[in-house]
Structure formats: structure tokens, C-alpha cells
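Asker: sequence-free structure coming up:
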């Protein structure tokens, strides 16, 4: 595994790798068999490159972590994960509410048989281009991804190819998944034979998906979890043209791809019209209805030149784009949406002539969220990560649970640096984990922030059940058939079952293993409500006195550690 981490100390960098010269461009080329190799790129304006490595059967091939403001290129690496069950080819992670520029480029890599090919989290202005992910794995209970974006800003994803070895009807297998990543620009990508071609989840204002090809997928394109991407079009000389995405052999499901239903299977899934009325129809949530046939607008498209398309940035009239034909938002979605629109506006100032957007941006400057964002932008700087910064963070009054999670994770990080020699205490780790297991679509980017900070401690994959692709693809709630939750450990045959769900008076936990059960229940803002320990592999917990609502149940048994939501109803 190649693991890179930013560090402000040139001396530390030299210790980690003697050939690394601070403040000078570097290229690292290794042969087969490298493992646990750490690189520390200091904050600089040079280009550091990881290139032409052959990495076989490591849990993570290349891990880029906390390289803020460093320019990092990952080029032409060959990563083969056919010999492991659940591996990731390339991970690149930064602070998810950061306003710094990460300048990470992942290009022309070949990744074979991963569970996740490329995972980018918290990056700003990342470029993921011309990568090939083949033989993407699939599991009945876990999501897999060719390319996954989480909490990124202004990412460009283009000319990539993702395929499954065999055609799949498993919608948990994603060619591309973009989650809460505003201003995403995805063009000329191909997903072949994956259960889901492309999925957008959460607030993603000002995102454009142009010229992608979805081939032989069970679902070509879906939107979920209060997804908002804005009106889809390609602007050419002042005219809005269809977005040129192509479906080949899939229309909602393969059974809908027959000639009698859809004679031309190479038409755009965006900018469509109802076959009966001829009116324009934008599929802003879920899969397309069966009575909608994919028909391009009557305006003839000029050729799409993928190689020269640039990130469109913030366009005039973004307020109309965001509002047009979208899913009604609940309060939490509105809070997260305001934050992400504000972050998008900070990246580009062409919106200033728009009076409405200017007033909105001014109103956000004095909010507690803006204060937390400013703290985030400096807390990795050793000189500024001080007791004064900690006090400033502690004195902020969160206005909602989304800000509360961001503040809690930020305070834990600064406190560990100021008072504990950069080491998290067991209680701090537990508090971060409580946040990390929450649903990012309900609880905001503080969830991603906690997951990012926990990478210093472990390589655990924190994923809430709301992030799993389920049958309805509309809301974050579990599907009706999930009345019994079963977790299976990948590396063993042991499993844990929790039932009933919803529960009224008691919940029952059963483990097929031989280790005692450690059980914690948290409310949706991360407060521990109940702890339970059992030396037996079967136990029950009385929940009759707990208020109605959703809770997180965390279960540990031996090497197994599982989390899920449970609904208590009285």
C-alpha cells in the first residue's frame, strides 16, 4: 500500500522517506510488492507524483490522506485486487468542509476486481480522468463502487470506464456514485453491466452530467436521499441542448429495453418528454416511470467534444436551476442545501451581479456555519491550532444538529492537538464513531468529517444503512422488507441479527459467533441512550420506556462490529 499524508515538517517527511526533498517536485516509481509505504508531502506548490506502480492484493492500493494544498498526481498505476474480498484501489481524503484547494489528479490507472475502485472524499477541484476499473465486485449486503465521490466540491470525472465481469441486477453495485458533492462535472464516462450505472444522492447543486454512457445496467441512472443536481443541459452559444447521456440496453430494467417499448435505446435519460403530451420532463428523483419513454428534445445537438469540455462553474441563474422541478425538501435537507450552495458560491464569484445570490452569500457570512468553516481552514496549521482556536470553537453556538456534529468533531481534533499530544482519547474516539455512524444525508458533513478524522486511528468503513441503495431509491428510510437486519462478516460465516424492526417493547439480538455481545444505543444526534452487555450469544433489551423515534444500535462481538438504524414505535 502507498499511503501519503501531508505534514508541515520537512524533517518528518525526510524520516519517512529519505529520497523526499521538501519544496521540490517528486516522482515515486516502485515495483511490485510495496506495502505500508508512507509519504508525507509538505504544503507546497510543487507537483508530487505516484506513478507506474504494480500493487497486488493489498486491502488499499494507494491512500492519499490530508495532503491539503499539495499538488498530488496518481498516474498509470496497476492495482490488482482479485485475491482479496473487499479492497479499495485508490483513496483520496481531505477535510470535507474545507475551502482549501487540494489539486489531486487521478489519471490513467488500471484497477482490477476492487470493491471500490476510486474513492474521493472532501476534495476540492479534483480531476479523475481516463481510469479503468474492471471486474467490479458485488455483494448482496454491501455497496460497491467503480468511482465514488463523497462531500467533494467542483470535482471533474471524465473519460473513465467501469465494468462488471457479468451483467448484474444488484443495484448495490455502482459504476459511479456521487454523494453530496456540489458542482460535480461528470462527462464521457462509461458504466457497463453494473447493477446501477450512475447514482446521485443528497444535495449536489450546480452539477452537470454530460455525455455519459450507461450500458447493460439494471438501472442506468438513479437519484436518492433528497438528491438535487439542478437542471441538466449543455449550453452552446446561449442555447440549452440535451445532456447527451446515452442508454444502451437498459431502460429502468432490462425487461423495459425491448424494441416494442423503446425502439431507440441510445437516447438521453435527461431532458426527456412524455410520449403522450410531449411536455418536457426532468427525472429529478427515483428511476424513470414506465410510461416515460426516453426522447431527446427536438433541438438537434451539435457534436459533444468531451476532451475540451471544462468545468462550467457557477452559471448565471443558478437560483432558478436549483429550484426548478425539485423534490420538496424537509428541514434538514434545506439546512444542508443552504450550506452547500454557500460553499459552491465561494468557489466562483461570477454570481455577484445576481442580487438574490449576493444577499444570500452576505447572510451566510455571519452564521455559525461560516465560523466553523473558517476554523476548519486553519486548524491543520500547527501554528494556528492553539488553545485560542479551541476556545473559539467551543464558544460557537450551533443552530441545528448539522452544525452540532461539525462543531463536535472539530473540537475533538483541536483538543487532541492542544491537550493530548495529537492522540485521541478512547472517549474522543467513541464520540467520533458515534457521529461517523450517522446518516450524512440527515446529519450533514460532520459525519464525513468524523470519518475523515478516524482514518488516523483505523481503516474501518463507516457506512450508515441510509447510504445503501435500496429498492425505492427515493428516500433515506429503509425499505419495508427490512424488518430483520442481518449483518454478515466478509471474512467469516458469523452473523448478527437484530429484530423486530420497528420495535415496540423489546429488541432481540442474536449472534452466530461465540464471543460476548457489547451493545450501545444512540439517538440520532449521537448521545448514548443505553448500554448492554451479555455473555450469551442471544439477548433482549427492553425499549418500552424509550421515546418513539429512530436510533443507532452499535453491536460488538469479537472481531465483528456492526451498526444500523432501528425504529422504535409505541
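Answerer: Everything's here; your move. These figures come from a predicted structure and were not determined experimentally.

Asker: list the contacts of residue 412.
Answerer: 424, 428, 431, 432, 453 (C-beta atoms under 8 Å, 6 or more residues apart in numbering). Bear in mind the C-beta positions are built from the backbone N, C-alpha and C, glycine included.

Asker: now, among these, which is nearest to residue 466?
Answerer: residue 432 (18.8 Å; C-beta to C-beta).

Asker: the closest residue to the closest one other than its chain neighbours in helix, strand or coil?
Answerer: Once flanking residues are discounted, residue 432 sits nearest to residue 450: 4.6 Å by C-beta to C-beta, 6 or more residues apart in numbering. Assigned state for residue 450: helix (three-state reduction, DSSP: H, G, I helix; E, B strand; the rest coil).

Asker: domain parsing for the protein?
Answerer: According to the domain assignment given by automatic domain parsing, the chain is divided into the following structural domains: 2-308, 366-454, 485-568.

Asker: make a markdown table from the ones you listed and add mean pLDDT and distance to residue 466 to it.
Answerer: Supplementary listing: the domains of the chain in a markdown table, determined by pLDDT from 0 to 100; distance: least, C-beta to C-beta, whole Å:
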| stretch | mean pLDDT | distance to residue 466 |
| --- | --- | --- |
| domain 2-308 | 70 | 7 |
| domain 366-454 | 88 | 4 |
| domain 485-568 | 76 | 7 |
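
Asker: so what's the residue count around the residue nearest to residue 432?
Answerer: Neighbourhood size, residue 450 [other C-beta atoms under 10 Å]: 29.

Asker: equivalent analysis for the one 3 residues further on, please.
Answerer: Per other C-beta under 10 Å, the neighbour tally for residue 453 reads 22.

Asker: beyond the longest helix belonging to the chain, next helix or strand please.
Answerer: For the chain, the helix that runs over the most residues, judged by DSSP state H, is helix 401-419. Tracing the chain C-terminally past helix 401-419 and defining elements by DSSP states H and E, one meets helix 426-436 next.

Asker: from the contact counts, what lies against that next one?
Answerer: The criterion is 3 or more C-beta pairs under 8 Å, 6 or more residues apart in numbering; DSSP states H and E, and the helices and strands that helix 426-436 contacts are helix 401-419, helix 446-454.

Asker: out of those, which gets nearest to residue 233?
Answerer: Distances from residue 233 to each of the helices and strands packed on helix 426-436 were compared by C-beta to C-beta, and the smallest falls on helix 446-454, at 29.4 Å.

Asker: quick one, the closest one and helix 426-436 angle?
Answerer: Comparing the axes of helix 446-454 and helix 426-436 via axes from the mean of the first three to the mean of the last three C-alpha atoms, to 10 degrees yields an angle of 140 degrees.

Asker: helix 446-454 packs against which elements?
Answerer: Short answer (3+ C-beta pairs under 8 Å, 6+ apart): helix 446-454 packs on strand 116-121, helix 401-419, helix 426-436.

Asker: hmm, try it at 6 Å
Answerer: Counting contacts by 3 or more C-beta pairs under 6 Å, 6 or more residues apart in numbering; DSSP states H and E, helix 446-454 is packed against helix 401-419, helix 426-436.

Asker: may I ask which of the contacts of residue 412 has the most neighbours?
Answerer: When the contacts of residue 412 are compared by neighbour count (other C-beta under 10 Å), residue 432 ends up highest, at 25 neighbours.

Asker: so who does it touch?
Answerer: Going by C-beta atoms under 6 Å, 6 or more residues apart in numbering, residue 432 touches 412, 450, 453, 454.

Asker: what about 7 Å?
Answerer: For residue 432, the set of contacting residues under the criterion of C-beta atoms under 7 Å, 6 or more residues apart in numbering consists of 409, 412, 450, 453, 454.

Asker: in CSV: those residues, plus distance to residue 384.
Answerer: Listed next are the contacts of residue 432 as CSV, based on distance: C-beta to C-beta, whole Å:
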residue, distance to residue 384
409, 18
412, 17
450, 21
453, 17
454, 23
